[in-house]
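Asks: Next input, structure requested:
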Amino acid sequence: MALVVAYHAFPQWLAGGFVGVDVFFVISGYLISSIVFQQMEAGRFSFAEFYGRRVRRIFPALLLVLATVYGLGQVLLLSQERRELFKHMAAGAGFVSNFVLWGEADYFDGVADTKPLLHLWSLAIEEQFYLAWPALLWLAWRVRKGVWPALLLLLAGSFALNLAGIRHDAVATFYSPQTRFWELLCGGALAWALRQPATAQGRGWPTGKVLCSAGLVLLGLAAWRLDAGHRYPGAWALLPVAAASALIAAGPQAWANRHLLSSRPLVWLGLLSYPLYLWHWPLLSLARIVAGETPSAEVRAAAVVAAFALAWLTWRWLERPLRQGGHGARKAMALSALMLVLGVGSYAGYRFKAVSAEESTLAAVSSQLGWQTQPGTPDQAGACRARFPERQPLTPVQRDDNFCLLAREGAAEVLMVGDSLGLSLFPGLSKHEGFNTLLLGASSAAPLYDTRTTEFDDGIRINNYRLTNHALDYALRDENVKVVVMVFLGGPNLARADSPYRITDIADPSDADARRVFTQALSRTLRKLHDKNKRVVYILPNPSLPYDVRGCVAAHRPFEPKVAKVCDEPAGAHLLRGGAAYRRWVAVVLKDFPQVTVFDAAGPVCDGARCWGFKDGQLLYRDKVHLSMDGSDRVAAELVPVIEAALRPVSPALAGTPAPGAHRGPP
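Replies: So this is what the prediction gives:
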């Protein structure tokens, strides 16, 4: 667990430390399977005893951590955050955290490090494995020579699902038990192999030395070379799994196992590994929440030290007494009852928690953090889906990345096309009754024909340009659509020299000149819209914040001392982060299209001197880039007159004149 703790506290030092979970899966599968094999061979295996031991091993520390996080959450978290904490507590108590997090892990998911119980996904997978594994082993044991076929068949099937899934749904492959069980099964297969006489006799010093060296090299490669940019687990997980397997297979006499892994400090760390894993992440996450941003290195180091201290106290005064001594069955029953009460109570808190009167104003503000408050209503989404049944997600994981919302039934005069900037603006525009707004967008997709801007290797946003093409085609052929609002929040990212974002032309994907590809695609798209007499309003995006707006809300909590939070920056600072270059790109194209109206979404969230994320008790952003509901209303108040002006009939003499009140060109 040391790798995982180091990665969570200081990811810049150990980018691949997350592979510690995979090492843990192999070790767990080996140790538990070895015990089951020994007991079956001796004829004294008992399901009741097995699960009783698991309860006494897992439940004490988990109950303490869940209860402590609950207490801290009541003091440190906002109302909406406490409700989410109840959900994750219930999931942790029921060992289904991986499924809950899987369901949350989409485009609208909150920041991962603000979920204090995020780390329980791996514990859930482990316990799901052990619900079925003893029964499968028992059945295989009763069939002569049935253990090897069962092990290899299950291992190969799970690994194959892992390889297939990572190409189509990286999130599901990360959290799904079926695509993770092969790692535990590797440990089980190793436990069975090392019990065979032929295998055991072949474990001489030279073999052990080679295996030990190979294991350390593979583990080093995994920890230092892998990072969050790799599609994981997939084939990359073979590195830590093979490393752990090699170190185990090397035997206790191998040099590293004898001198390094058997040393007192590492043995002590091994004893504390489980409570340390449980304690470290909630402390780091809560520190992140309270600070409203990544806490300082000193705070993170203090959290790690506190986690070690709490882990030792938990092991010494809770785990050891409950695991040792008599009355094992009674202890297991009592612990199970406590876990059931905590799980049911947490779920009830999630479903029925009421907000106190004094919290109501702050709760209304904090509910806009993340995407708990969705931009469109179910009726607006349903109306759009019914009108465009052909507009389907392009991959199995594109749940909410295909933005399709219709303000109300009937013909739409205004069509918004582009990326999630439109999703931010839609709530404010949809309230306006003077025109009907239709949003046909796609995550990270530029509002440009045949242009790919979604080359993110996560299996979610690939080929979103097809959804953009569909929206633009609809605008061209539908006579009701008078105004096309083009939105592109990601534009400044393309113009940054250090940005990982890319833009490519479908016809010529080899062209790496972002400026040329963008300007040609924008000119091509505007020409087609102009030829069909569509008026265009081009939105320059609101600033992306260099700080976490959660801290701005947290600073207003009634129980906290009022602290100065940076919730604004100098006006124009966002232009230094790619915004100025992107605006120059747009301006070059719009010289040839004077009829296009430009609206600067930065205007409503900035004054003459500052740009704001939180102002006058209003939360203007829901995260670092997307507007909140209040922010959407604020921008819509200035954007609606611009759209109304664009909707008015244009006389031939005025053709090419920008709409009154608009920002005519990038400032």
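
Asks: for this structure, what helix or strand is lowest in average pLDDT?
Replies: Of the helices and strands making up the chain, the lowest-confidence element is helix 197-201, at a mean of 52, by mean pLDDT, DSSP states H and E.

Asks: Just the element for Leu415, please.
Replies: According to DSSP states H and E, Leu415 maps onto strand 414-418.

Asks: which residues touch whichever helix or strand comes after that strand?
Replies: Once the chain leaves strand 414-418, the next helix or strand it forms, by DSSP H and E, is helix 420-430. Helix 420-430 is contacted from outside by 107, 375-376, 380, 403, 405, 407-408, 414, 416, 437, 439, 441, 443-444, 485, 487-489, 539, 541-542, 601, 622, 625-627, 629, 631-637, 639-640, 643, using CB atoms under 8 Å, 6 or more residues apart in numbering. In short, each C-beta sits where N, CA and C put it, glycine included.

Asks: shaky segments in the stretch 1-150 of the chain?
Replies: Counting by pLDDT under 70, the stretch 1-150 of the chain shows low-confidence ranges at 1, 106-111, 144.

Asks: Please settle this for me: is Phe403 part of a helix?
Replies: No - in this structure, Phe403 is strand, not part of a helix, as judged by DSSP: H, G, I helix; E, B strand; the rest coil.

Asks: For it, report the pLDDT, please.
Replies: Among the per-residue scores, Phe403 holds a pLDDT of 87.

Asks: Show me where the stretch 351-500 of the chain has its helices.
Replies: 360-366, 378-387, 420-430, 465-477, 491-494 (DSSP state H, counting those that start in this stretch).

Asks: Ok, which of those helices comes nearest Lys331?
Replies: helix 360-366 (40.5 Å; CB to CB).

Asks: could you pull out the strands for this structure?
Replies: 402-406, 414-418, 437-442, 451-452, 483-487, 504-505, 535-540, 568-570, 597-600, 610-612, 614-615, 618-619 (DSSP state E).

Asks: Please produce a markdown table containing these, extended by mean neighbour count and distance to Ala495.
Replies: Conversion of those to a markdown table gives the following (neighbours: other CB atoms under 10 Å; distance: least, CB to CB, whole Å):
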| stretch | mean neighbour count | distance to Ala495 |
| --- | --- | --- |
| strand 402-406 | 25 | 23 |
| strand 414-418 | 28 | 16 |
| strand 437-442 | 28 | 21 |
| strand 451-452 | 24 | 15 |
| strand 483-487 | 26 | 16 |
| strand 504-505 | 20 | 15 |
| strand 535-540 | 24 | 12 |
| strand 568-570 | 16 | 19 |
| strand 597-600 | 23 | 16 |
| strand 610-612 | 20 | 19 |
| strand 614-615 | 21 | 27 |
| strand 618-619 | 20 | 28 |
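
Asks: Turn those into a markdown table, columns for distance to Pro321.
Replies: Formatted as a markdown table, the entries for those read as follows, by distance: least, CB to CB, whole Å:
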| stretch | distance to Pro321 |
| --- | --- |
| strand 402-406 | 54 |
| strand 414-418 | 60 |
| strand 437-442 | 56 |
| strand 451-452 | 60 |
| strand 483-487 | 60 |
| strand 504-505 | 62 |
| strand 535-540 | 63 |
| strand 568-570 | 53 |
| strand 597-600 | 65 |
| strand 610-612 | 54 |
| strand 614-615 | 49 |
| strand 618-619 | 48 |
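
Asks: quick one, which of those is nearest to Ile462?
Replies: Smallest distance to Ile462 across those (CB to CB): 8.6 Å, for strand 451-452.

Asks: Run through the neighbouring helices and strands of the closest one.
Replies: helix 465-477, strand 504-505, helix 514-531 (3 or more CB pairs under 8 Å, 6 or more residues apart in numbering; DSSP states H and E).

Asks: Ranked by average pLDDT, which of those falls at the bottom?
Replies: Sorting those by mean pLDDT places strand 504-505 lowest, at a mean of 90.

Asks: contact partners of it?
Replies: With CB under 8 Å, 6+ apart as the contact definition, strand 504-505 has outside contacts at Asp450, Thr451, Arg452, Glu455, Asp511, Ala512, Val517, Gln520, Ala521.

Asks: strands paired with it, and their directions?
Replies: Each strand that strand 504-505 pairs with, and the sense of that pairing, follows from DSSP bridges: strand 451-452 (antiparallel).

Asks: Go ahead and measure how far the strand it pairs with is from the middle of the chain.
Replies: Here the centre of mass of C-alpha atoms in strand 451-452, compared against the chain's by CA atoms, centre = their mean, to the nearest Å, lies 24 Å away.

Asks: Off-centre distance for stretch 274-286?
Replies: Taking CA atoms, centre = their mean, the mean C-alpha location of stretch 274-286 is offset from the chain mean by 19 Å.
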